[in-house]
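Trainee: give me the fold of what follows.
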Amino acid sequence: MNNLFELINMSGFFFLTPQMLIMWGIAAVLFYLAIAKQFEPLLLLPIGFGILLANLPLTGLMEHGDGLIWRFYHYGIQWEVIPPIIFLGVGAMTDFGPVLSNPKLLFLGAGAQVGVYITFLSAYMFGFDLSEAAVIGIIGGADGPTTIYLGAKMAPELLGSAAVAAYSYMAMVPIVQPPVMKLFTTKNERTIRMKTQHKAGKLEKILFPFLASLVIILLIPPAAPLMAMFMLGNIFRESKVVERLNQASQNELMNIATIFLGLPVGATMNAETFLKPEVIFIFALGLIAFMISTASGVLLAKFMNLFLRQGNKINPLVGGAGVSAVPMSARVVQTMGIKEDKKNYLLMHAMGPNVAGVIGTVMAAGIFLSLI
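Mentor: Residues are numbered from 1 along each chain as shown. Below you'll find the model as predicted:
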């Protein structure tokens, strides 16, 4: 009987806290969003389960040195393995044709990063240190892997909350972006029909990832791990000679990396580190960053139109796709364009700044790593 009581006393039920139960509720919300609403299910589902596991007492799953999920986190994320693999898959799925067909759209991807820097300064003014402010600011790019990569290097204590915020805003693109884009555009601007300058050829598509790698990595060396893998994946795609590697990067490797990214990220969100007032600021500032990035992309497109001749003007909605939420932002632009003009197809135009936004966010992360 004594052994039975000792076994019962050693169970996790006696070590549960109200804070842990609150985290269970947060995990349940992510499960609901992933399963019922299908908001970024590939990431929110493993992140939610990681949160649940991190708030089960006595498991030792995140115990330093020995825990199973701690090993996923340490060797996969802290050692900078998993996020670059994700970028390899993203690169293999990316078509730079829209950018190459209309190169000026690259500027929209850069312009949409304004929100990152404004929010960085705002977070610093709110009392976060420079490293934490950089991680909060990068959320505005709506690029989950980059947020995780930067968070693991600069502010590991914010990693879980920053990652959830980034992926949540990616999932909420159809809700958050349309009001912002509509606020800063007129009906006439939203009905502008864009022309494709020229169709990008095979040689252009093959040369671009090589040249982009050289220029960007030489300019911002700390961006090399993400940018190199991103461009390598794109070389797999455009070379047309390594289809097995291309398909593996897009599918099997990407899916495996996603599991081992989401689970340990969620497991960093235990009750002690997550249930703090600072987390609310992170979510609020991240949302502000995302909205400012959307608005700055739209406003930059309007500014560029001042110098473009009639017939070559940019639909300002396309500027809102300059954030890194690929391809959700481009789809939102397409939907908004169709509502204004049923024959106005903006999807391929919007994909230009959308993929340029991925490059812009990685460069922003590299700048933070260089300067801080």
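Trainee: count the neighbours of S324 for me.
Mentor: Neighbourhood size, S324 [other CB atoms under 10 Å]: 33. From N, CA and C alone the C-beta is placed, and that goes for glycine too.
Trainee: how about it, nearest residue that isn't a chain neighbour?
Mentor: In space, S324 comes closest to D143 once its chain neighbours are excluded; the distance is 3.6 Å by CB to CB, 6 or more residues apart in numbering.
Trainee: is it true that that neighbour touches V358?
Mentor: Yes - counting by CB atoms under 8 Å, V358 is a contact partner of D143 at 6.4 Å.
Trainee: for these two, list the residues in contact with both.
Mentor: S324 (CB atoms under 8 Å, 6 or more residues apart in numbering).
Trainee: of the two, who's got more company?
Mentor: For D143 versus V358, neighbours defined as other CB under 10 Å are more numerous around D143 (30 against 27).
Trainee: quick check: which element contains I51?
Mentor: Assessed by DSSP states H and E, I51 sits inside helix 41-54.
Trainee: tell me the helix or strand right after that helix.
Mentor: That would be, after helix 41-54 and using DSSP H and E, helix 68-71.
Trainee: helices or strands up against that next one?
Mentor: Here helix 68-71 touches helix 41-54, helix 252-267, going by 3 or more CB pairs under 8 Å, 6 or more residues apart in numbering; DSSP states H and E.
Trainee: show me where pLDDT drops low in the stretch 1-150 of the chain?
Mentor: Regions of the stretch 1-150 of the chain meeting the criterion pLDDT under 70 cover residues 5, 7-9.
Trainee: what does stretch 73-90 contact?
Mentor: Outside stretch 73-90, the residues within contact range by CB under 8 Å, 6+ apart are 62, 145-146, 148-149, 152-153, 156, 159, 225-230, 232-233, 249-250, 253-254, 257-258, 260-261, 264-265, 267-268, 326, 358, 362.
Trainee: end to end on that stretch, go ahead and measure it.
Mentor: Distance between the two ends of stretch 73-90: 21 Å, counting by CA to CA, to the nearest Å.
Trainee: in it, what's buried?
Mentor: Under the neighbour-count criterion of 16 or more other CB atoms under 10 Å, stretch 73-90 has 73, 76-77, 82-90 buried.
Trainee: want to throw those into CSV with secondary structure and distance to L285?
Mentor: Listed next are the buried residues of stretch 73-90 as CSV, based on DSSP: H, G, I helix; E, B strand; the rest coil; distance: CB to CB, whole Å:
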residue, secondary structure, distance to L285
Y73, helix, 25
G76, helix, 27
I77, helix, 23
I82, helix, 25
P83, helix, 22
P84, helix, 27
I85, helix, 29
I86, helix, 24
F87, helix, 25
L88, helix, 30
G89, helix, 29
V90, helix, 25
